[in-house]
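> Below are the sequence and a predicted model for it; my questions follow.
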Amino acid sequence: MNGLTRLQAFLRSNAYDGVLLLSPTNLNYFAGFSGTTAVAFVTPVQAYIFTDSRYTEQAKEQCEGYTVIQYSTTVWDSLRQVVDEEGISLKTCVFEGDYVPVDTYTAIAGKLDGTSFASAKLAALRAVKREDELGLMRRAAEIADEAFAVLLTQLRPGMTENEARIILEKEMLVRGSSEPSFATIVASGKRSCMPHGVASDKVIEEGDFVTFDFGAVYKGYHSDITRTIVMGNASDLQKKLYDIVLTAQKKGVAAVKPGLTGKALDAICRDSIAEAGYGSYFEHGTGHGVGLDIHEQPVASPRSDSVLEPGMVVTIEPGVYIPGEIGLRIEDSVIVTNEGCEILTKTPKELIELDV
């Protein structure tokens, strides 16, 4: 089922008369549009995309099933005109409430008087990936794995976190990544206790834990992986903490299957770390979906009501972070399958003690 078909089925099942799409992610998924300026309007049986002269021809090429309309005054004037001329009954219309600014909503409501509006979480419609999407995500994961392997051959004490980041991101770019999936995390030494310690000018030193959390974007689709290594020989504490996190992470991967809830997946990893005596040092959620956005449905956290289905992609990334001292995280992205899961991120997870 393509994006437009899936969206129209959603409208029919909820008795909505239409939906407005403004976010680049949803315009890409539901309409195929990759430009920067457009609004899509979809009813249960019709689909329109409004754009300006810069993107009219591009929209005609990309947006299969959509009528392309080039607006000259404002997009909302053109929308009003289409609703009137096509005789569309628009009693209820949904939009991306987590994306649309108040001023934009006010402008829409001002043109569509008599219409009731509601917010819709459209990300849920993207949670189960098509096979073509999974193929792109496999390549995005391969790019990240290959780049990390190159980085390990060049990483040395005395290098800054930012210098390591630049090597990693360059190697992803030359392999086809359009950009990093997010601000690359390189957290070494005491900074390894920072779950989101983006790369800094700190010098990486012998004996440091170094956590790398990064990903590639391939044809719009993200990858996400975390590996923590030791610069040189690991201390007893580093070995102990690494084993605790690795055990929890492997338990999480092994548990993935259709029907498992995000809350249950989180508890498997969280309980494992708690049993080892470090439960208070794992405070973030266990995982999240990945796709056109780096954070999507499903979610694995103590409050999650997500239920895993075949074709979903989810990360499993427990960690331990002792404030001001030390920390680490290990993360894989996996595809939920009928039998369990397929691990996208292939870089070995056993502790790497890098020769220095």
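Good, I have the coordinates.
> I'd say V290 and S333 touch.
Yes. The criterion here is CB atoms under 8 Å, and V290 meets it with S333 at 5.6 Å. (C-beta placed from N, C-alpha, C; glycine too.)
> hey, what's in contact with both of those two?
Listed as contacting both V290 and S333 by CB atoms under 8 Å, 6 or more residues apart in numbering are 137, 223-224, 313-315.
> Identify the farthest-apart pair in the residues you listed.
S223 and V314 (12.9 Å; CB to CB).
> what touches both of these two?
By the contact definition CB under 8 Å, 6+ apart, S223 and V314 are jointly contacted by 290, 333.
> what's the closest of the shared contacts of V290 and S333 to N2?
M137 (17.2 Å).
> Touching, T247 and S272? I think so.
Yes. T247 lies in contact with S272 (CB under 8 Å); the separation is 6.0 Å.
> Distance of L112 relative to R138?
42 Å (CB to CB, to the nearest Å).
> can you check A9 too?
From A9 to R138 the distance is 27 Å (CB to CB).
> okay, the two: which has more neighbours?
Counting neighbours by other CB atoms under 10 Å for A9 and for R138 shows that R138 has the greater number, 17 against 13.
> Looks to me like that one is in a helix.
Yes. R138 forms part of a helix when assessed by DSSP: H, G, I helix; E, B strand; the rest coil.
> so who does it touch?
The contact partners of R138, taken as CB under 8 Å, 6+ apart, are L344.
> pLDDT at it, what is it?
For R138, the model assigns a pLDDT of 98.
> and V45, how many neighbours?
9.
> With the one 3 residues further on instead?
Applying the criterion other CB under 10 Å, we find 22 residues in the vicinity of Y48.
> what's the distance between it and W76?
From Y48 to W76 the distance is 13 Å (CB to CB).
> How about Y281?
Per CB to CB, Y281 is found 51 Å from W76.
> again, but for E317
From E317 to W76 the distance is 42 Å (CB to CB).
> ok, now A147?
Applying CB to CB to A147 and W76 gives a distance of 44 Å.
> Likewise for E342?
Going from E342 to W76 by CB to CB gives 44 Å.
> Looking at those two, which one has more neighbours?
Remark: of E342 and W76, W76 carries more neighbours, 19 against 14, as counted by other CB under 10 Å.
> looking at it, that one is touching A109, isn't it?
No. Counting by CB under 8 Å, W76 sits too far from A109 to count as a contact (9.6 Å).
> which residue is nearest the middle of the chain?
Geometric centre of the chain, nearest residue: I294, 1.8 Å, by CA atoms, centre = their mean.
> Show me where this protein has its helices.
For the chain, applying DSSP state H gives helices covering 3-13, 24-31, 56-62, 75-85, 102-111, 131-154, 161-174, 236-255, 262-275.
> Just say which of those is most tucked in.
helix 24-31 (a mean of 23; mean count of other CB atoms under 10 Å).
> which helices and strands does it pack with?
For helix 24-31, the elements it packs on are helix 3-13, strand 18-21, strand 39-42, strand 47-51, judged by 3 or more CB pairs under 8 Å, 6 or more residues apart in numbering; DSSP states H and E.
> of all those, which lies closest to D208?
Each of those has some distance to D208 by CB to CB; the shortest is helix 3-13, at 44.6 Å.
> can you list the residues that contact stretch 292-303?
If you take CB under 8 Å, 6+ apart as the criterion, stretch 292-303 is touched by 25, 28-29, 123-124, 126-127, 181-182, 215, 220-222, 224, 252, 262-263, 265-267, 270, 285-290, 304, 306-308, 312, 314-316.
> could you flag which of the residues you listed are buried?
By neighbour count, with 16 or more other CB atoms under 10 Å, the contacts of stretch 292-303 hold 25, 28-29, 123, 126-127, 181-182, 215, 220-222, 224, 252, 262-263, 265-267, 270, 285-290, 304, 306, 308, 312, 314-316 as buried.
> quick check: domain ranges of this protein?
3-126, 131-354 (automatic domain parsing).
> Report the contact partners of the closest residue to R191 other than its chain neighbours.
In this structure, R191 finds its nearest non-sequential neighbour in G197, 4.7 Å apart by CB to CB, 6 or more residues apart in numbering. By CB under 8 Å, 6+ apart, the contact set of G197 is 185-187, 191, 211.
> Identify the farthest-apart pair in the residues you listed.
Taking CB to CB as the measure, those span a maximum distance of 9.7 Å, between I185 and R191.
> can you give me the end-to-end distance of stretch 99-116?
Using CA to CA, to the nearest Å, the end-to-end distance of stretch 99-116 comes to 18 Å.
> Can you pull out the residues in contact with it?
20, 22-23, 74, 76-77, 79-80, 83, 90-93, 95, 117.
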